[in-house]
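>>> Provide a 3D model corresponding to the input given below.
(one chain, ligands or ions: 4)
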Amino acid sequence: GIMRRVIKGGTIVTADRSYEADIAVENGVIAEIGPDLKGDEVLDASGCYVMPGGIDPHVHLQMPFMGTFSADDFESGTRAALAGGTTMVVDFCLPDPQQAPLDALAIWDAKARGACADYSYHMAVTWWGETMFDQMQAVTRRGINTFKHFLAYKGALMVNDEELFASFRRCAELGSTALVHAENGDVVAAMQEKLLSEGLTGPEGHALSRPPEVEGEATNRAIMLADMAGVPLYVVHTSCEQAHEAIRRARQKGMRVYGEPLIQHLVLDDSEYRHENWDHAAQRVMSPPFRDKRHQDSLWAGLQAGSLQVVATDHCAFTIEQKRFGLNDFTRIPNGTGGLEDRMPVLWTEGVNTGRLTPNEFVAVTSTNIAKILNCYPQKGAILPGSDADIVVWDPEKSATITPERQQSVVEYNVFEGREVKGLPRYTLARGEVAVEDGAIRATPGHGRFVGRPPMGPVNKALSTWKAATAPRGVARSAANMPGGV
Ligand code: URP
Ligand code: ZN
Ligand code: ZN
Ligand code: ZN
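Numbering: from 1, shown residues only. Ligands and ions are numbered 1, 2, ... in the order given. Model prediction:
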């Protein structure tokens, strides 16, 4: 017969409510929810919260970037994810200049073979041309309904406004959502050049070259262009009040605009870049940079008020040796930090234990909201019969000190090193498989599967009445659900 695994005696916590019930899992999905369930194997959840596994919608595993590759691959990255209660990740597929997106996808599929947890991709629009029109449709047919645009990294991943607007219009036609890395790459390049010419070569120059204004400007610009195109917009790694303000204002007007703070920006500040130890500072170099307390307060307030919806990591880890590429020039320090294993415990500790977030809000911002935005709800992000059994049994009394010695990531340090967390997984289930059991990692490489996400419909309506918002060639749209309640 079918193996039936029962999670017993816990309190189920979803984005909507908390209640006591057991969960029976069969064939990788939730078969039944109710009192006193029986099964072949019982997992004791007494004293625990039983929540939808976390979804990290922003990771870069084995990413070609700044002359190297990010150090964690799909295997170590998803093992880290599961260790911290995250059961699905979304990576960014990055076509080379002139490379067809479908060819890039084949490379990403090969990398993802070692994944221990389920995964999906966003497709980055890294160049523009006539052929992209059909290619983007082919990408959506492969189950990818999100297209990413870098407004920073001039001379590499950056797209200009003409390319951005063309892509936004195509996304709107396809029923897809546009993502943006919102920093003004031209202004960053000018500021980098000025700082270097003044002899400022250390990691503190990284933060000085990317002030909140460059993020605020790009966020405002992307919002206006997205509305002209009539496309929903998701702003990744929202780190400052200026960007948050633009998102808040757009939503208040009725635009579908979402903001994603990172756990790093919520708890770490820009004093890290003035640390006397070069390695310490360089290990924290990421874009956007960490900000001061005022910006952190803004991000927490956004999560509480619902003007920001998702907490991610942008996990893009580099070894000490890789970070040292920039020893004499901060613009050569590979941009990125880890966090996949730490997002849920750190957010619980700093969010729930401090009273800033309820357990239900914690589930919303770590899992359910993004499942709706990405159009994979309720397969993911839910505790419902028929949903994938991606579940974390969360022990609110379990505590630990974060240390690189015990982490799953392959890098030798951790930006949260030394931090005490209280609230950790007792069990993590990846599509029914017990991947983590009381700190022991039993994740299976190759267990992870691609999660397809159909386009959304009916299509988003522009508030702008600009006539050309309707694109020249029409495309049939699916009647799938629009994301609701986030
Ligand atoms: O510094 C960062 N964030 N590195 C990863 C690439 C990106 O911009 O998200
Ligand atoms: Zn980015
Ligand atoms: Zn990123
Ligand atoms: Zn398996």
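
>>> whichever strand or helix holds residue 400 pairs with which strands?
Using DSSP states H and E, residue 400 sits in strand 391-401. Note on strand 391-401: by DSSP bridges, its sheet partners are strand 49-52 (antiparallel), strand 420-430 (antiparallel).

>>> quick one: closest of those to residue 124.
The closest of the strands paired with strand 391-401 to residue 124 is strand 420-430. By CB to CB, the value is 26.2 Å. Yep, even glycine has a C-beta here, placed from its N, CA and C like the rest.

>>> and ligand 4, is the closest one touching that?
No: shown here: strand 420-430 not in contact with ligand 4 (CB under 5 Å from the ion), separated by at least 7.8 Å.

>>> what about the closest residue to ligand 4 within the chain, neighbour count?
Nearest residue of the chain to ligand 4, counting by CB to the ion: residue 447, 3.4 Å away. Residue neighbour count, defined by other CB atoms under 10 Å, stands at 19 for residue 447.

>>> and residue 44, how close does it get to residue 35?
According to CB to CB, to the nearest Å, residue 44 stands 16 Å off from residue 35.

>>> who has more neighbours, these two?
Shown here are residue 44 and residue 35; by other CB under 10 Å, residue 44 has more neighbours (14 against 7).

>>> so what's the more buried one up against?
8, 9 (CB atoms under 8 Å, 6 or more residues apart in numbering).

>>> so what pairs up with it in the strands?
Beta-bridge partners of residue 44, as defined by DSSP bridges: residue 8.

>>> going forward can the numbers begin at 837, since that is how I track them
Okay, residue one is now 837; in that scheme the one you just asked about reads as residue 880.

>>> measure it to ligand 1 for me?
Distance of residue 880 to ligand 1, computed by CB to the nearest ligand atom, to the nearest Å: 39 Å.

>>> might one say that residue 1288 is in contact with residue 978?
Yes: using CB atoms under 8 Å as the test, residue 1288 is close enough to residue 978 to be in contact (7.4 Å).

>>> isn't the residue of the chain closest to ligand 4 right up against residue 1265?
No: if you go by CB under 8 Å, residue 1283 and residue 1265 don't touch, sitting 11.1 Å apart.

>>> joint contacts of these two?
Common neighbours of residue 1283 and residue 1265 (CB under 8 Å, 6+ apart) are residue 1271.

>>> now the element after the strand or helix carrying residue 1006, going C-ward?
According to DSSP H and E, residue 1006 maps onto helix 997-1010. Once helix 997-1010 ends, the next helix or strand along the chain (criterion: DSSP H and E) is strand 1013-1017.

>>> the helix or strand just after that following strand near ligand 1 at all?
Using DSSP H and E, the helix or strand that directly follows strand 1013-1017 along the chain is helix 1021-1033. No: judged by CB under 6 Å from any ligand atom, helix 1021-1033 stays clear of ligand 1, getting no closer than 10.7 Å.

>>> send the alpha carbons of helix 1021-1033 over as PDB?
The C-alpha trace of helix 1021-1033 is given here as PDB (Å, rounded to 0.1, in the frame of the first residue of the first chain):
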ATOM      1  CA  GLY A1021      23.300  51.700 -13.200                       C
ATOM      2  CA  ASP A1022      24.600  54.800 -15.100                       C
ATOM      3  CA  VAL A1023      24.700  56.900 -11.900                       C
ATOM      4  CA  VAL A1024      26.300  54.000  -9.900                       C
ATOM      5  CA  ALA A1025      29.100  53.800 -12.600                       C
ATOM      6  CA  ALA A1026      29.700  57.500 -12.400                       C
ATOM      7  CA  MET A1027      29.900  57.500  -8.600                       C
ATOM      8  CA  GLN A1028      32.200  54.500  -8.700                       C
ATOM      9  CA  GLU A1029      34.600  56.300 -11.100                       C
ATOM     10  CA  LYS A1030      34.600  59.400  -8.900                       C
ATOM     11  CA  LEU A1031      35.300  57.500  -5.700                       C
ATOM     12  CA  LEU A1032      38.100  55.500  -7.300                       C
ATOM     13  CA  SER A1033      39.700  58.600  -8.800                       C
END
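
>>> surely residue 893 is in a strand?
Yes: applying DSSP: H, G, I helix; E, B strand; the rest coil, one finds residue 893 inside a strand.

>>> that one: how many residues sit nearby?
26.

>>> and if you look at residue 1028?
Other residues close to residue 1028 by other CB under 10 Å number 20.

>>> residue 1041 is in contact with that one, correct?
Yes: Residue 1028 lies in contact with residue 1041 (CB under 8 Å); the separation is 7.4 Å.

>>> identify the contacts common to those two.
With CB under 8 Å, 6+ apart, residue 1028 and residue 1041 have common neighbours 1166, 1167.

>>> need the three-state assignment for the closest residue to residue 918 other than its chain neighbours.
Nearest residue to residue 918, sequence neighbours excluded (CB to CB, 6 or more residues apart in numbering): residue 1271, at 4.4 Å. Of the three states, residue 1271 takes strand under three-state DSSP.

>>> wait, what's in contact with residue 1271?
Counting by CB under 8 Å, 6+ apart, residue 1271 has contacts 918, 923, 952, 953, 1264, 1265, 1277, 1278, 1279, 1280, 1283.

>>> before we move on, what about residue 988?
Counting by CB under 8 Å, 6+ apart, residue 988 has contacts 994, 1017, 1019, 1020, 1021, 1024, 1054, 1123.

>>> find the closest residue to ligand 1 in the stretch 1187-1322 of the chain.
residue 1251 (11.9 Å; CB to the nearest ligand atom).

>>> three-state assignment of that residue?
Once three-state DSSP is applied, residue 1251 turns out coil.

>>> wait, it sits on residue 1101?
No: the pair residue 1251 / residue 1101 is not scored as a contact, 11.2 Å apart, by CB under 8 Å.

>>> how far does stretch 1286-1298 sit from its chain's centre?
18 Å (CA atoms, centre = their mean, to the nearest Å).

>>> so what does whichever strand or helix holds residue 971 touch, helix or strand wise?
For residue 971, the element it lies in under DSSP H and E is helix 968-977. Secondary-structure packing of helix 968-977 (3 or more CB pairs under 8 Å, 6 or more residues apart in numbering; DSSP states H and E): helix 937-947, helix 997-1010.

>>> so can I have JSON lines of the ones you listed showing mean pLDDT and distance to residue 971?
Compiled in JSON lines, those are given as follows (pLDDT from 0 to 100; distance: least, CB to CB, whole Å):
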{"stretch": "helix 937-947", "mean pLDDT": "98", "distance to residue 971": "5"}
{"stretch": "helix 997-1010", "mean pLDDT": "95", "distance to residue 971": "10"}
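
>>> alright, I will stop here.
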